[in-house]
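Colleague: Generate a structure from the sequence data that follows.
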Amino acid sequence: MLEAIPDYAQKLKDARELFLANVVMFGEIPGPTFRETKRTQFLLDRFHESDLHDVAMDESGNASAILPGAERANVILVAAHADTVFEEDSHPAMVVGQDSITGPGIADNSLGMAAIASLPMLLELLDIQLADDLVLVGTTKSLGRGNLQGMKHFLSTRQVPIRTGVCVEGAEQGRLSYSGLGMLRGEIKLKVPSDYDWNRFGASGAIGHLARLVNGIMEIPIPREPKTRIAFGSLRCGTSYDTVPRRGALRFEIRSEEDTMLAELEAKLRDIIDEFSLQHGTELSMEIIARGSNCGIPFSHPLVKRTRQIMDALEINPMVTPSAGDLSALIDAGNPGVTVGITTVENSREENETISIKPIFQGLAQLIGLLQAIDSGHCDES
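Modeller: Numbering: from 1, shown residues only. Okay, here's the model as predicted:
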C-alpha cells in the first residue's frame, strides 16, 4: 500500500479546480470563534451534495456526516476546526496566484475544512472504498476562549466508539502531533482608576503599566526541563494618538510538559499581579479562559509509526509537535489520534496568510493513505 501512495498525489491533481474552489469558498466565509455558523452550514451543503448519511448540526454548532464504509464495523473520525482567529470584517476576497492562495485564515483552517468537505470526491476519484465508516466533522469553538468546546461536545454526545481520529490542519505539511500539550490561556485586564495619582513615582497610562508588567513576567525563571514557555499573544490599549489610555488587556498562553509547572506559574502570575497592583495603584485582574492537560499516545504506537512511514513514502519531512487543539480533546477522551497538515504556509495567522498550492496534493495523498492504513488495521494496537 505504501508504494501506491505517491501515485495518489499525481491522480488527485485531476480534482485541482474543484478542490481549490472549495478552499477559496471556505476562505471567503468568516468564521470567528463562537460565530462559525455560516462556515459549518456551507460544510453541511457540501455533505448533502456528496449524498452522505446523517448530515447534521449539533447543539454546539458542529457539522457532521457519515461516509458509509463497506462493512461499517468501525468508525474513523476525521475532523477540522471551523473557526479562525480573524473577525468577520477581516475577510476580503482570497487572492489566487499561479501557485498560491492568500487571505486571512486560508491555512488555519479553510484548507483543513476543504479537505474534509472534499474527501468523498477525492476517494471516489481514486476508486477507494473503505471498510470502516468515516465520520467527517467540522468543529466549532476550538480556538481561544472556545477551549475546544466543539470537539468536547461532539465526543461526549457521540454514542459509537471511535477506532481512531485524524485532525486536519491546513498547515504545516509534515506536522505530526500525537500528544496534547499542557496549556493555560488567559487575559490580564488593567484599569487606571479615576482617582489615580498622576504625580506618584512611576505614574503611567495603561500602556506603560502593561509594558512593566510584561517585563516582570519575563523575569520568572523558566526551566529547561520540563519544556515550558510563556507567550504573549496580544496587548490592546488606547484609541488615539494623543489620549493616554486608562484601560488595557494582555493575552498570554503558558505551555508546559508538566501540569504541575502550569499550576506553579499560574500562582506566580497571580502573585506578580497582586504586588503590581499595590505598588502602582492600578486595578488588575486575571481571567483564565482555557486549560489543557498533558496527554498523548506513545511514539511507538502503530498509528504514529504508520504516519511516519506514509510521510517517508511521500518524501515529507515529519515535524513532531504537541497539539493544543482538538487532538487534545480527542486523546483526553481516550481515543488514539494524530494531527497532520496539508501544505506549507507563509505569514501564518496574519491577514496575508499564504498557502502553496503544489504541495497540497502530497498532503491530501498523505491523509488518504493514513485513512487506508487505519481502515486496514495497520494502526491498531495489538
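Colleague: what's the one helix or strand residue 170 maps to packed up against?
Modeller: Element membership for residue 170 (DSSP states H and E) is strand 164-171. Packing partners of strand 164-171 (3 or more C-beta pairs under 8 Å, 6 or more residues apart in numbering; DSSP states H and E): strand 75-81, helix 111-125, helix 326-332, strand 337-343, helix 360-375. (Glycine included, C-beta is placed from N, CA and C.)
Colleague: what bits of the stretch 51-200 of the chain have low per-residue confidence?
Modeller: 91 (pLDDT under 70).
Colleague: How are the strands of it distributed by residue range?
Modeller: Applying DSSP state E, counting those that start in this stretch to the stretch 51-200 of the chain gives strands spanning 53-57, 63-67, 75-81, 95-96, 100-102, 133-139, 164-171, 175-177, 179-180, 182-191.
Colleague: Can you tell me the strand partners of the first one and which way each runs?
Modeller: Same thing as strand 53-57. Partners of strand 53-57 in the sheet, by DSSP bridges, are strand 63-67 (antiparallel).
Colleague: relative orientation of the partner strand and strand 75-81 in degrees?
Modeller: Interaxial angle of strand 63-67 relative to strand 75-81 (axes from the mean of the first three to the mean of the last three C-alpha atoms, to 10 degrees): 150 degrees.
Colleague: what does strand 63-67 contact?
Modeller: With contacts defined as C-beta atoms under 8 Å, 6 or more residues apart in numbering, strand 63-67 is touched by 40-41, 43-44, 47, 50, 52-58, 82, 119-120, 123, 130, 133-138, 154.
Colleague: Weed out the non-buried ones from those.
Modeller: Taking 16 or more other C-beta atoms under 10 Å as the criterion, what is buried in these is 40, 43-44, 47, 50, 52, 55, 57-58, 82, 119-120, 123, 130, 133-138, 154.
Colleague: what are the ranges of the helices in the stretch 201-350 of the chain?
Modeller: Assigned by DSSP state H, counting those that start in this stretch, the stretch 201-350 of the chain shows helices spanning 206-218, 259-280, 302-313, 326-332.
Colleague: Would you mind pulling up the elements that the shortest one packs against?
Modeller: Helices and strands in packing contact with helix 326-332 are listed as strand 75-81, helix 149-157, strand 164-171, strand 179-180, strand 295-296, strand 337-343; criterion 3+ C-beta pairs under 8 Å, 6+ apart.
Colleague: Residue 25 in helix, strand or coil?
Modeller: With DSSP: H, G, I helix; E, B strand; the rest coil as the basis, residue 25 sits in helix.
Colleague: same check, this time on residue 379
Modeller: Three-state assignment for residue 379 (three-state DSSP): coil.
Colleague: my guess is it contacts residue 309, does it?
Modeller: No: using C-beta atoms under 8 Å, residue 379 is not in contact with residue 309; the gap is 10.5 Å.
Colleague: Could you tell me which ranges of the stretch 201-350 of the chain sit under the pLDDT cut-off?
Modeller: Counting by pLDDT under 70, the stretch 201-350 of the chain shows low-confidence ranges at 201-203.
Colleague: Let's see that with 90 instead.
Modeller: When residues are selected by pLDDT under 90, those of the stretch 201-350 of the chain lie in 201-205, 239-244, 280-281.
Colleague: Tabulate the strands of the stretch 51-200 of the chain (a markdown table), appending distance to residue 25.
Modeller: A markdown table is the format used below for those (distance: least, C-beta to C-beta, whole Å):
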| stretch | distance to residue 25 |
| --- | --- |
| strand 53-57 | 18 |
| strand 63-67 | 15 |
| strand 75-81 | 15 |
| strand 95-96 | 12 |
| strand 100-102 | 11 |
| strand 133-139 | 14 |
| strand 164-171 | 14 |
| strand 175-177 | 24 |
| strand 179-180 | 31 |
| strand 182-191 | 31 |
